[in-house]
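Here is my input, please return the structure:
(one chain, ligands or ions: 1)
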Amino acid sequence: MSHATKRVLNFNAGPAGLPLPALERARDELLDFNGTGMSIMEHSHRGKAYEAVHEEAIALLTELLQVPKTQQVLFLQGGASLQFAMVPMNFLKAGQTAAYAISGGWAEKAFEEAKRVGSAVAAASTREESGVYLRVPKQADLKLDPNAAYLHTTSNNTLYGTQTLHFLDSGAVPHVCDMSSDFLWRPFDVSRFALIYAGAQKNIGPSGLVVVVAAKAFLEGAREDIPKILRYQTHAKENSLYHTPNTWGIYLARNVLAWLKSLGGLSAMELRNRAKATLLYGAIDGLSSYYRAPVERDSRSVMNIVFRLPNENLEKKFVADAEAQGMVGLKGHRSTGGIRVSTYNAVSVEDVKTLVSFMDAFAKKNPV
Ligand SMILES: Cc1ncc(COP(=O)(O)O)c(C=O)c1O
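Predicted structure coming up:
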């Protein structure tokens with residue numbers, strides 16, 4: 001790295017920090033990709049140079065997640081929010097009802113979009129009377145009509161810092177999951193899901209790009225009476241090259257996925273992510289007279305660790321002091337307040353150790 005480059009410890013919730021080796025590779029290849037005399041952004045999406053990147057990104061994801069032949073990987077655009085609309089437009093047919101497990105603000109948004117398209121019900125909700133969420137729905141909370149068009153869940157709730165460590169069982173009902181904020185944090189059985197989507201800006205690459213992993217049979221049964229661009233099948237048939245894809249986003253995802261593989265893949269990533277979460281929750285629980293994690297223990301997220309200090313003034317000081325020491329992105333979501341530490345894949349165990357030392361020192365220096 002050049003001596004002029006100063007990187008902060010980035011705990012942003014998304015867009016989040018990207019792994020340095022993936023960025024360095026992009027820097028090195030920016031002006032002249034593979035001796036072609038231009039950047040990958042300037043290549044035709046129908047040309048050989050880009051085609052190789054596109055195929056490599058799909059192959060890396062397929063390998064890392066062990067995607068079976070029954071499923072297909074897609075790279076779409078429009079962020080995860082477009083998926084909130086595309087899912088019901090494609091899979092909610094006249095006379096059917098879609099089921100939603102409501103576990104946070106993003107799940108609420110997905111549910112609202114479905115209700116604009118057709119009939120949708122909450123099959124579970126962990127919303128408290130005050131409007132906040134302190135846990136994820138459990139199997140016993142789920143009231144699922146076996147004729148539902150699909151069940152939509154959100155695996156990790158970025159705003160509230162809750163995460164589903166044991167996926168809900170939807171039985172014969174197709175399971176659609178928004179994995180935007182914890183995709184690729186560990187290995188999991190892709191074949192359990194009819195469709196998974198994840199906005200890229202946490203664990204995969206830049207915003208705008210969305211990764212979809214869908215069962216081919218599920219896509220084949222989708223509605224055809226919607227605009228062609230919004231049909232999953234349109235993109236599936238053309239291997240995500242129906243129109244100009246987000247070539248730069250997919251290129252960066254390729255770099256991130258190659259980095260993930262070089263570190264030992266998703267099992268290695270899970271160990272690293274669990275180690276980070278253990279350190280942080282350990283620090284919070286160890287100083288429980290000062291720091292307080294509002295989330296129920298078995299719903300604690302490994303990706304977004306949320307906690308409070310004794311008062312809001314101390315929370316403001318915590319964020320400011322941390323920033324002065326090169327640690328950014330710690331302010332909680334505007335709707336929840338408090339502190340939120342996002343520890344996506346790119347955040348290292350060392351980064352978290354630095355933050356934990358800061359937390360110890362802060363509590364000593366600023367007694368109540
Ligand atoms: C779980 C979840 N779903 C959906 C979204 C929305 O993503 P986008 O801004 O790409 O539309 C986010 C964004 O942070 C998220 O965390």
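
which ones are touching residue 307?
By C-beta atoms under 8 Å, 6 or more residues apart in numbering, the residues touching residue 307 are 284, 291-294, 338-339, 341. (Glycine included, C-beta is placed from N, CA and C.)

Separate out the buried members of those residues.
284, 291, 293, 338-339, 341 (16 or more other C-beta atoms under 10 Å).

Between these, which sits nearest residue 23?
residue 341 (21.3 Å; C-beta to C-beta).

where's the closest one, which helix or strand?
strand 339-342 (DSSP states H and E).

just checking, next helix/strand downstream of that strand?
helix 349-365.

What is that following helix packed up against?
Packed against helix 349-365, as judged by 3 or more C-beta pairs under 8 Å, 6 or more residues apart in numbering; DSSP states H and E, are the following elements: strand 9-10, helix 265-286, helix 312-324, strand 327-328.

try 6 Å
In terms of contacts (3 or more C-beta pairs under 6 Å, 6 or more residues apart in numbering; DSSP states H and E), helix 349-365 is packed against helix 265-286.

for the helix it packs on, which positions count as buried?
When burial is assessed from 16+ other C-beta under 10 Å, helix 265-286 yields the following buried residues: 265-266, 269-270, 272-273, 275-277, 279-281, 283-284.

Kindly report the residues of the stretch 51-200 of the chain close to the ligand.
For the stretch 51-200 of the chain, the residues found near the ligand under the criterion C-beta under 6 Å from any ligand atom are 79-81, 106, 154, 158, 178, 180-181, 199.

Try it again at 5 Å.
Neighbours of the ligand within the stretch 51-200 of the chain, by C-beta under 5 Å from any ligand atom: 79-81, 106, 158, 178, 180-181, 199.

Export these to CSV and append columns for secondary structure, neighbour count and pLDDT.
Rendered in CSV, the data for these read as follows (DSSP: H, G, I helix; E, B strand; the rest coil; neighbours: other C-beta atoms under 10 Å; pLDDT from 0 to 100):
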residue, secondary structure, neighbour count, pLDDT
79, helix, 17, 97
80, helix, 25, 98
81, helix, 15, 98
106, helix, 22, 98
158, coil, 25, 96
178, strand, 28, 98
180, coil, 27, 98
181, coil, 30, 98
199, strand, 28, 98
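
need these in JSON lines with distance to residue 363, can you?
Below are those laid out as JSON lines (distance: C-beta to C-beta, whole Å):
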{"residue": "79", "distance to residue 363": "38"}
{"residue": "80", "distance to residue 363": "36"}
{"residue": "81", "distance to residue 363": "38"}
{"residue": "106", "distance to residue 363": "32"}
{"residue": "158", "distance to residue 363": "26"}
{"residue": "178", "distance to residue 363": "35"}
{"residue": "180", "distance to residue 363": "32"}
{"residue": "181", "distance to residue 363": "28"}
{"residue": "199", "distance to residue 363": "35"}
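
From those, pick the one nearest residue 329.
residue 158 (12.4 Å).

which residues of the chain score low on pLDDT?
The chain contains residues with pLDDT under 70 at 1-4.

now the helices for it?
Taking DSSP state H to define them, one finds helices in the chain at 20-29, 48-65, 79-91, 105-117, 216-220, 232-237, 247-262, 265-286, 312-324, 349-365.

mind checking which of these is nearest residue 143?
Among those, helix 105-117 comes nearest to residue 143, with 14.8 Å by C-beta to C-beta.

Packing partners of that closest one?
In terms of contacts (3+ C-beta pairs under 6 Å, 6+ apart), helix 105-117 is packed against helix 79-91, strand 151-154.

The strand holding residue 341 close to the ligand?
No. With C-beta under 5 Å from any ligand atom as the threshold, strand 339-342 lies outside contact range of the ligand, at a closest distance of 10.0 Å.

what does that strand rub up against?
The contact list for strand 339-342, computed with C-beta atoms under 6 Å, 6 or more residues apart in numbering, reads 11, 13, 16, 304-307, 330, 332.

Contact partners for residue 114?
Residue 114 makes contacts with 88, 98, 120, as judged by C-beta under 6 Å, 6+ apart.

Wait, the second one touches residue 92, no?
Yes. Between residue 98 and residue 92 there is a contact under C-beta atoms under 6 Å: 4.8 Å.

By proximity to the ligand, which residue of the stretch 251-368 of the chain wins?
Proximity to the ligand, evaluated over the stretch 251-368 of the chain using C-beta to the nearest ligand atom, is greatest for residue 304 at 8.7 Å.

do you know how far the residue nearest to residue 20 when sequence neighbours are not counted is from residue 19?
Once flanking residues are discounted, residue 20 sits nearest to residue 7: 6.9 Å by C-beta to C-beta, 6 or more residues apart in numbering. Noted for residue 7: a distance of 11 Å to residue 19, by C-beta to C-beta, to the nearest Å.

Between the two, which has more neighbouring residues?
When residue 7 and residue 19 are compared on other C-beta atoms under 10 Å, the one with more neighbours turns out to be residue 19, at 21 against 10.

The closest residue to the ligand within the stretch 1-150 of the chain: what's it in contact with?
At 2.8 Å from the ligand, residue 79 is the closest residue in the stretch 1-150 of the chain, using C-beta to the nearest ligand atom. By C-beta under 6 Å, 6+ apart, the contact list for residue 79 reads residue 199.
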